[in-house]
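S.K.: I'd like to go over a predicted model; first the sequence, then the structure.
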Amino acid sequence: MPLHGVSHIGLSTLDLDATRTFYESVLGFRLVTIEEIDLEEGGCICHAFFDCGDGELIGFMEPRRIQAVPAEYDTGINGGLGVPDWFYHLAFDAGSVEELHAKRSELIAKGVKVTPIVDHDWILSIYFKDPNGLLLEYAAQTRAPDSAGRRITATLRRPSRITDFRDS
């Protein structure tokens with residue numbers, strides 16, 4: 001069976017308005033559609049889809065008045081699991097190293113706390129959070145990755161929380 005890539009990534013939000021503002025105004029993603037799904041047991045889910053480039057989608061679901069769903073929970077995923085912020089994250093392709101530098105400057109100009117550029121040997125990355133506490137990354141590949149399955153031994157100094165990064 002042929003592979004066709006990812007249709008969309010589905011995530012959660014407790015504030016769809018703030019999420020929509022961030023993804024449209026800060027990141028420049030185009031809103032594709034918003035669906036309201038009424039549930040038989042009561043309440044509804046508001047589901048918004050954004051095009052994050054080349055027709056690839058990211059979706060956010062906001063639960064509304066659903067008894068089986070808690071009113072508050074960790075939409076950033078990591079805190080609720082007790083793992084460091086960088087475990088569960090979403091990375092977007094910056095396109096090039098030059099575009100990564102420009103994206104970092106643009107985010108800082110829009111008031112987003114962004115890490116310095118992190119060198120992972122074969123990609124460069126910047127990290128920041130969305131209004132839901134979800135860790136996001138822009139990455140620019142600098143060379144082809146090493147062959148699959150090769151064990152890499154390295155000391156990687158990585159903060160346990162995004163707040164450990166400075167924004168300069």
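M.R.: The structure has been received and is ready for your questions.
S.K.: quick one, helices of the chain?
M.R.: Per DSSP state H, the chain has helices spanning 16-21, 78-81, 97-109. These are given in chain order.
S.K.: got the domain ranges for the chain?
M.R.: 8-64, 78-148 (automatic domain parsing).
S.K.: quick one, which of those gets closest to residue 1.
M.R.: domain 8-64 (19.6 Å; CB to CB). Backbone N, C-alpha and C define where each C-beta goes, glycine included.
S.K.: with mean pLDDT added, can I get the domains of the chain in a markdown table?
M.R.: Converted to a markdown table, these look like this (pLDDT from 0 to 100):
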| stretch | mean pLDDT |
| --- | --- |
| domain 8-64 | 96 |
| domain 78-148 | 94 |
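S.K.: among these, which is nearest residue 72?
M.R.: Of those, the one closest to residue 72 (CB to CB) turns out to be domain 8-64, at 6.9 Å.
S.K.: ends of the closest one, how far apart?
M.R.: Terminal residues of domain 8-64 lie 22 Å apart, using CA to CA, to the nearest Å.
S.K.: could you do stretch 59-71 as well?
M.R.: End to end - CA to CA - stretch 59-71 spans 20 Å.
S.K.: identify the residues contacting it?
M.R.: Residues from elsewhere that reach stretch 59-71, judged by CB atoms under 8 Å, 6 or more residues apart in numbering: 8-16, 19, 23, 39, 41-50, 132.
S.K.: now, which of those lie within strands?
M.R.: 8, 9, 10, 11, 12, 44, 45, 46, 47, 48, 49, 50 (DSSP state E).
S.K.: the fifth one and residue 19, how far apart?
M.R.: Read it as residue 12. In this view, residue 12 and residue 19 are 10 Å apart by CB to CB, to the nearest Å.
S.K.: need the residues touching each of those two.
M.R.: 60, 62, 132.
S.K.: skipping adjacent residues, who's closest to the second one in space?
M.R.: This points to residue 62. Leaving aside its chain neighbours, residue 62 sits nearest to residue 16 (4.1 Å; criterion: CB to CB, 6 or more residues apart in numbering).
S.K.: ok, the one you found touching residue 45?
M.R.: No. At 10.2 Å, residue 16 does not count as touching residue 45 under the criterion of CB atoms under 8 Å.
S.K.: TSV for the shared contacts of residue 12 and residue 19, including distance to residue 27 and neighbour count?
M.R.: Formatted as TSV, the shared contacts of residue 12 and residue 19 follow (distance: CB to CB, whole Å; neighbours: other CB atoms under 10 Å):
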residue	distance to residue 27	neighbour count
60	13	25
62	18	20
132	13	20
